[in-house]
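1. fold the following.
(one chain, ligands or ions: 1)
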Amino acid sequence: MNQPRILDGKSVAAAVLDECRNEVSQLLAKGITPGLAVVLIGEDPASQVYVGSKVRTCGELGIFSRKETLPSTTTQDELIKLVQELNADPSVHGILVQSPPPKHIDEEAVIRAIDPRKDVDGFHPENVAKLALEDPSGFVPCTPAGCMKLLEVSGINTNGAEAVVIGRSMIVGKPMALLLVSKSANATVTIAHSRSKDLPAICRRADIVIAAVGRPDMVKADWVKPGAVVIDVGINRVEDSSKKSGFRLTGDVDFKDVAPHCAAITPVPGGVGPMTIAMLMKNTLQAARQQAGL
Ligand code: GUN
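-> Numbering: from 1, shown residues only. From the prediction side, this is the model:
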């Protein structure tokens, strides 16, 4: 049995955050305090945890944060009004509305209401287009950007590699595929999803597998080519009565089963998760710089 490299997102994220800390002091010296507004609607426990980490990380770096917690009964109009207020607030350079919102909210309309210059999630159509165009003035969605950074720092060559992205979401799958196929990465990319015929066979072609479906432990050993690199984006809560919380976190990849077959793999937690937050901080600093005309 092979011992794979464990791609330690926590330590790579810490290095990215150190760079951010430096940049924050440079901005402060110019009289600019970078600011991020985080909007949470409703009581989804996982979203509460993510929003908490985002706000806490801002504090650790000296980024101003404004947290807006709205009840699940908030109307679409009320939410859009808040977004417009944040668009107009000069102390806020980045705006993030935590996904998923309650079902009665039209998420697409809310994203379109965000000023694309403040859209640090990179979800606004203008930023989606810039990603497709490889225009670096846009914002790249944080999770796929974090996966790319982790691959790059780990010295994993994407040039000419076969990459399979499982999942076609606008948050991860689609932007991930665009990044991998871009002229700076040059991978050959397949996007697979729940309707793909023979998902295991498609996955077995990959030198690099990115699993982003939200299904606990879906990717098994016989899905993975020996020596492949596996990036697990999933953060799933599964019941576990032996834990105080009543649940444990697991990825989309059955880690124990898959790890012995691959060259490198990300753990859950401690893989992609911390990278997402680090890239959000980077995007917030990019927004602050751009809005200051730097
Ligand atoms: N929910 C899960 N991932 C994300 C993300 O990157 N941004 C936002 N806004 N919501 C999310």
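
2. where's the residue of the chain found nearest the ligand relative to residue 107, distance?
-> Closest to the ligand within the chain is residue 99: 3.5 Å, counting by Cβ to the nearest ligand atom. C-beta coordinates here come from the backbone N, C-alpha and C atoms, glycine included. Residue 99 sits 7 Å away from residue 107, going by Cβ to Cβ, to the nearest Å.

3. ranges for the helices of the protein?
-> 9-29, 45-61, 76-88, 107-113, 125-133, 142-153, 173-181, 199-204, 255-258, 272-291 (DSSP state H).

4. wait, isn't residue 71 in contact with residue 42?
-> Yes: Residue 71 is within contact range of residue 42, at 7.3 Å (criterion: Cβ atoms under 8 Å).

5. who has more neighbours out of the two?
-> residue 42 (18 against 10; other Cβ atoms under 10 Å).

6. show me what contacts the closest residue to that one other than its chain neighbours?
-> Once flanking residues are discounted, residue 42 sits nearest to residue 72: 3.6 Å by Cβ to Cβ, 6 or more residues apart in numbering. Residues near residue 72 by Cβ atoms under 8 Å, 6 or more residues apart in numbering: 41-43, 102.

7. of all the helices of the chain, which one is nearest residue 119?
-> In terms of Cβ to Cβ, the element of the helices of the chain nearest to residue 119 is helix 125-133, at 5.4 Å.

8. run through who's touching that closest one.
-> Residues outside helix 125-133 that contact it (Cβ under 8 Å, 6+ apart) are 112, 116, 119, 122, 137-141, 170, 175, 178-179.

9. change it to 10 Å
-> By Cβ atoms under 10 Å, 6 or more residues apart in numbering, the residues outside helix 125-133 that reach it are 108, 111-112, 114-117, 119-122, 124, 135-141, 144-145, 170, 174-175, 178-179, 181-182, 283.

10. look up how far residue 110 lies from residue 25.
-> Distance from residue 25 to residue 110, by Cβ to Cβ: 33 Å.

11. okay, these two: which has more neighbours?
-> Neighbours per residue, other Cβ under 10 Å: of residue 25 and residue 110, the larger number sits with residue 110, 20 against 10.

12. so the more buried one touches residue 39, yeah?
-> Yes: counting by Cβ atoms under 10 Å, residue 110 does reach residue 39; the two are 8.8 Å apart.

13. name the residues contacting each of those two.
-> Common neighbours of residue 110 and residue 39 (criterion: Cβ under 10 Å, 6+ apart): 79, 82-83, 97, 101.

14. wait, which of these is closest to residue 196?
-> Distances from residue 196 to the shared contacts of residue 110 and residue 39, taken by Cβ to Cβ, are shortest for residue 101, at 27.9 Å.

15. so what's that closest one up against?
-> Per Cβ under 10 Å, 6+ apart, neighbours of residue 101: 39-42, 44, 47, 70, 72, 74, 76, 79, 107, 110.

16. for the ligand, what are the nearby residues on the stretch 1-150 of the chain?
-> Counting by Cβ under 6 Å from any ligand atom, the stretch 1-150 of the chain comes close to the ligand at 96-99, 121, 142-143.

17. distance-wise, check the residue of the chain closest to the ligand relative to residue 115.
-> Separation of residue 99 from residue 115 (Cβ to Cβ): 18 Å.

18. got it, and residue 37?
-> Distance from residue 37 to residue 115, by Cβ to Cβ: 11 Å.

19. overlap in contacts, those two.
-> Counting by Cβ under 10 Å, 6+ apart, the residues touching both residue 37 and residue 115 are 83, 86-87, 92, 95.
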